[in-house]
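J.: Show me the folded form of this:
(chains A, B, C and D)
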Number of protein chains: 2
Amino acid sequence: MSEYLIRKLENYVRLSASDKRLLHEVVTRDVKSYGQRHDIVHEGDRPRSANLILSGFATRYKILEDGRRQIVAFMIPGDICDLRMTVLRKRDHAMGALMPSKVAQLTDADVQEILGHSARLERALAWNSLVDEAISLEWTVNLGRRDALERLAHLFCELHCRLRAVGLTTEGRCEVPLTQTEIADTVGVSDVHVNRTLMELRGRGLITLQGKSLTIHDMDRLRELAMFNPNYLHLGQEGRELDATDF
Amino acid sequence: MSEYLIRKLENYVRLSASDKRLLHEVVTRDVKSYGQRHDIVHEGDRPRSANLILSGFATRYKILEDGRRQIVAFMIPGDICDLRMTVLRKRDHAMGALMPSKVAQLTDADVQEILGHSARLERALAWNSLVDEAISLEWTVNLGRRDALERLAHLFCELHCRLRAVGLTTEGRCEVPLTQTEIADTVGVSDVHVNRTLMELRGRGLITLQGKSLTIHDMDRLRELAMFNPNYLHLGQEGRELDATDF
DNA sequence: CGCCGATTTGAGAGCAGTCAAACTGAGTGG
DNA sequence: CCACTCAGTTTGACTGCTCTCAAATCGGCG
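T.: Okay, the predicted model is just below:
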């Protein structure tokens, strides 16, 4: 249940056996399942717990008064969000599952237990939050300063990197359960234009997206087109001075 | 020195006299001044401290390989950022002053001292971080799903709300030290188009922006145009159950 | 008064949006 | 096994918002 989270955190620091045991134990206490396209939490809800994606794929999104939707984050296995959100009275955005998903609900006490267990875990979770923030900033850049072709290229670069970090890729391939309309609501263009842009990317021999399977044919050129710099994902073992020495 | 921070946090919870004294003390330990358009930190720097804007106005921004710039956040007096960033090795974005600014540098120990002083302060800072995150998500929505006119309207609504929350407005007026090019790099359009859009907003009798002074003539219609919902700023005393009873 | 950054204005081009219709494919029920 | 449905994808035509490239104007400051 906790393997993706552990794998993700170990991109920052090597966890001890005891860290992993604790994570596994806490994370299996309260697990809920959500069907495809079901909301996990709604805007306006009172926050009750942090949420950890154990399996599946979810989004955080907001809807404007007139119905326009913007997806503001993807949640893949191993992603935690809403840490400390119980200090707020009402959520300002919703979360929904894009495919059948299992989500661990972590109470404040659960989170405290993890943070208090070791300085290593505490820092690993801080790293996790900082990376989430950095992703959000990078999405702002993507929407503000790249055109449609670059936005899609960047999105696929990021998704591939993040999925690889939790072991969900096989070479250049990964599963992304996104419709073209959902991609459109992510990169801020119309669904029709997403369709045309995908064909352009395919025509250039960079990627193919068929069914729910994304294949990257030429990562170097895709990166170059997207001006993708993975620094912001901080996947380079940046906490290694705290590495555990057992296994 | 700490009045803006205190005023800001008191939008969440009423602080005790001792909370305020401590904040004031910690926040005046190491203050640096930056001139207009000088960088406070660069992308790639090793993070050394959290940063609190005591006075002035700063931005967080990223620059793409080809020179395109995107401003990803505004920092106004009372705003803290980069809490816990020392767990990372390299910053993934820069921070620069838009006008002469005083910035308090908070070491990890300083931050710990604040967090450990009272549960009230600890929660107030958690609230602060959650609001910053929410703002970042809302900017994503703004860039992804609003047109130029709406984006500017939304930006001005948000700026006015945030400045009011720290006492930096007088009725519908506030000082925003932004050039049209900087606004352009914030809302993801060209500077020429910002110019035309500002004239449109002015023509509709919604705002005027002359010199560095923003005047909102008709907040209701501006809000409606922007579909601005201030929920995400969480300014409604949401932590009031922890209010201090002294003054 | 002259300079320089910032703002304003104009014209033309192009990226992306909208609206509609056709097509595809998986799942459903007769 | 074959309609039928429905969601998702694809295509076309047209529109329009926003960009780019200039050039002109403004305004503060030395």
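J.: Domain map for chain A?
T.: Domain assignment for chain A by automatic domain parsing gives A:16-117, A:137-233.
J.: Give me the distance between the two termini of the shortest one.
T.: Distances were taken as CA to CA, to the nearest Å; on that basis the terminal residues of domain A:137-233 are 11 Å apart.
J.: which residues touch the residue nearest to the spatial centre of chain A?
T.: By CA atoms, centre = their mean, chain A has its centre lying nearest to residue A:75, at 3.5 Å. Taking CB atoms under 8 Å, 6 or more residues apart in numbering or on different chains, we find residue A:75 in contact with A:51, A:53, A:57-60, A:81, A:95. Where you see a C-beta, it was placed from the backbone N, CA and C, and this is true even at glycine.
J.: wait, which of the domains of chain A is closest to residue B:114?
T.: Between residue B:114 and those, the tightest spacing by CB to CB is seen for domain A:16-117, at 15.5 Å.
J.: May I ask you to name the longest helix in chain A?
T.: When chain A is parsed with DSSP state H, its longest helix is helix A:119-145.
J.: Tell me the buried residues in that one?
T.: A:120-145 (16 or more other CB atoms under 10 Å in any protein chain shown).
J.: quick check, distance from stretch A:70-79 to the centre of its chain.
T.: 4 Å (CA atoms, centre = their mean, to the nearest Å).
J.: Next: stretch A:188-203.
T.: Distance, centroid of stretch A:188-203 to centroid of chain: 22 Å (CA atoms, centre = their mean).
J.: Quick check: residue A:71 is in a helix.
T.: No: using DSSP: H, G, I helix; E, B strand; the rest coil, the assignment for residue A:71 is strand, not a helix.
J.: Hmm, it is touching residue A:188, no?
T.: No: applying CB atoms under 8 Å, one finds residue A:71 not in contact with residue A:188, separated by 9.5 Å.
J.: thinking again about what came up before, ok, which of the domains of chain A comes nearest DNA strand D?
T.: When the domains of chain A are compared by CB to the nearest atom of the strand, domain A:137-233 sits nearest DNA strand D, at 3.3 Å.
J.: And the average pLDDT for that closest one is what?
T.: The pLDDT scores in domain A:137-233 average 97.
J.: Please see if it touches chain B.
T.: Yes: applying CB under 8 Å from any CB of the partner chain, one finds domain A:137-233 in contact with chain B at A:137-141, A:143-146, A:185-188, A:227, A:229, A:231-232.
J.: all helices of chain A, in order?
T.: A:3-9, A:17-27, A:108-117, A:119-145, A:148-165, A:180-187, A:191-203, A:219-226.
J.: Tabulate the domains of chain A (CSV), appending distance to residue B:43.
T.: Putting those into CSV (distance: least, CB to CB, whole Å) gives the following:
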stretch, distance to residue B:43
domain A:16-117, 22
domain A:137-233, 8
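J.: Identify whichever of the ones you listed lies nearest to residue B:99.
T.: Nearest of these (CB to CB): domain A:137-233, 22.2 Å.
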